[in-house]
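Trainee: here's a sequence, model it:
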Amino acid sequence: MKRIDMIKVLAAYLLVSLLLLGSELRAASPEVITVDQQGKGDFTSIQAAVNAVRAFRGHYAVRIWIRKGTYHEKVVIPAYLENIQLVGEDAVSTKIVFDDYAGKVASCPDETGQTKLGTFSSYTLLVRASRVLIKDLTIENAAGPVGQAVALHLEGDQIALVNCHLMGFQDTLYLGKSSGRSYFSNCNISGTTDFIFGPGTAFFAACKLISLRNSYVTAASTAQGQRYGYVFDRCDFVAADESVNKVFLGRPWRPYAKTVLVDCHLGGHIVPEGWNEWKGDKMFPDKDKTVFYAELGSKGAGAADLARRVTWSHQLSANKRSMYSLDKVMDDWNVKLMLNEMEK
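Mentor: Residues are numbered from 1 along each chain as shown. Sure, this is the predicted structure:
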């Protein structure tokens with residue numbers, strides 16, 4: 001073969017290789033849909049953007065990029081979607097807000113035919129999908145102190161929230177399925193009573209839990225035999241103001257509730273006994289005999305006298321720390337790998 005022909009063959013081979021590589025890189029990058037209230041994106045509402053996503057995408061990710069604004073919407077991400085991302089421009093100025101609450105009469109029946117809303121239909125954002133990233137957003141239920149009013153309701157598996165603000169009063173965050181695992185990193189979560197509740201497995205890393213009133217932070221309903229419930233790792237439990245001075249870390253919604261704090265800072269609003277057994281539940285009496293509430297390395301004014309904790313709670317030794325690492329709690333879900341892939 002002549003030298004010039006060889007060069008042409010090599011050049012053609014190189015061109016085809018580059019085209020194929022470029023195609024693979026484009027396939028690896030997520031599809032991006034832009035939401036802009038001013039009409040400068042693909043959609044002006046978040047739900048319209050979600051509705052445009054193709055079902056059963058497999059490993060093909062889609063990112064819904066949400067520009068600054070307050071979006072007054074009740075949003076549902078259905079179970080047939082996966083590898084979906086909701087990413088705001090920044091958490092402070094990109095908000096999803098609605099104001100439903102338990103007992104409110106809706107203008108049309110829900111999927112069960114009821115017009116009066118319950119706790120589980122009061123959400124602002126409902127996520128039934130799996131492998132979901134939510135980042136740099138505020139999710140708020142603005143109904144106020146009217147009873148149960150959920151901001152974020154999770155039913156899928158492998159859901160990660162990074163740098164988000166979850167705001168409400170009673171029942172702000174509902175972890176709705178025992179089979180569902182969720183991860184929260186650098187999030188602010190505020191509320192009054194049981195503002196983190198439900199049967200899911202959740203890992204909270206370096207989050208701030210803000211109590212707005214004297215009440216209870218958590219109300220887990222972990223299923224019997226489930227290895228983990230809620231794990232708070234290096235989190236900060238704080239009071240909204242000086243009027244908040246009598247808060248319990250948790251009470252069991254159901255008998256096998258599990259909540260563990262590792263290396264957390266507890267403000268002076270946390271009562272010395274730490275935990276509450278939720279007396280008066282006729283269906284589930286004596287929950288203190290079956291729950292697992294524990295701490296390891298708690299510090300701050302709320303941990304000044306750990307000897308006064310209720311006798312049925314636990315203070316764990318340092319050699320138990322590895323049992324509550326992110327990898328152990330999430331089992332076969334590699335959270336960091338998923339986040340790295342989604343951030344590409």
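Trainee: next one: Lys320 from Val231, what distance?
Mentor: As judged by Cβ to Cβ, to the nearest Å, Lys320 and Val231 stand 12 Å apart. In this view, the C-beta of every residue, glycine as well, is placed from N, C-alpha and C.
Trainee: and the two? Which one has more around it.
Mentor: Neighbour totals were compared for Lys320 and Val231, and Val231 leads with 24 against 13 (other Cβ atoms under 10 Å).
Trainee: state the three-state secondary structure for the more buried one.
Mentor: Of the three states, Val231 takes strand under DSSP: H, G, I helix; E, B strand; the rest coil.
Trainee: nearest residue to Ser179 in space, please, no chain neighbours.
Mentor: Leaving out its chain neighbours, the residue that sits closest to Ser179 by Cβ to Cβ, 6 or more residues apart in numbering is Asp157, at 6.3 Å.
Trainee: can you tell me how far that neighbour sits from Ala202?
Mentor: In terms of Cβ to Cβ, Asp157 sits 12 Å off from Ala202.
Trainee: the two: which is more packed in?
Mentor: Ala202 (26 against 18).
Trainee: so who does the more buried one touch?
Mentor: Residues in contact with Ala202, defined by Cβ atoms under 8 Å, 6 or more residues apart in numbering, are 175, 181-184, 196, 229-231.
Trainee: same question, Pro272
Mentor: 304-305, 308-309.
Trainee: what touches both of Asp157 and Ala202?
Mentor: With Cβ under 8 Å, 6+ apart as the test, Asp157 and Ala202 both reach Arg181.
Trainee: circling back: out of the contacts of Ala202, flag the one nearest to Asp288.
Mentor: Nearest to Asp288, judged by Cβ to Cβ, of the contacts of Ala202 is Gly229 at 15.5 Å.
Trainee: hmm, back to that, am I right that the residue nearest to Ser179 is in a helix?
Mentor: No: secondary structure of Asp157 (three-state DSSP): coil, not part of a helix.
Trainee: wait, it sits on Gly176?
Mentor: No: if you go by Cβ atoms under 8 Å, Asp157 and Gly176 don't touch, sitting 11.2 Å apart.
Trainee: isn't Asn214 right up against Glu242?
Mentor: No: using Cβ under 8 Å, Asn214 is not in contact with Glu242; the gap is 11.7 Å.
Trainee: looking at those two, which is more packed in?
Mentor: Per other Cβ under 10 Å, whichever of Asn214 and Glu242 has more neighbours is Asn214, with 16 against 8.
Trainee: show me what contacts the more buried one?
Mentor: 244-247, 269.
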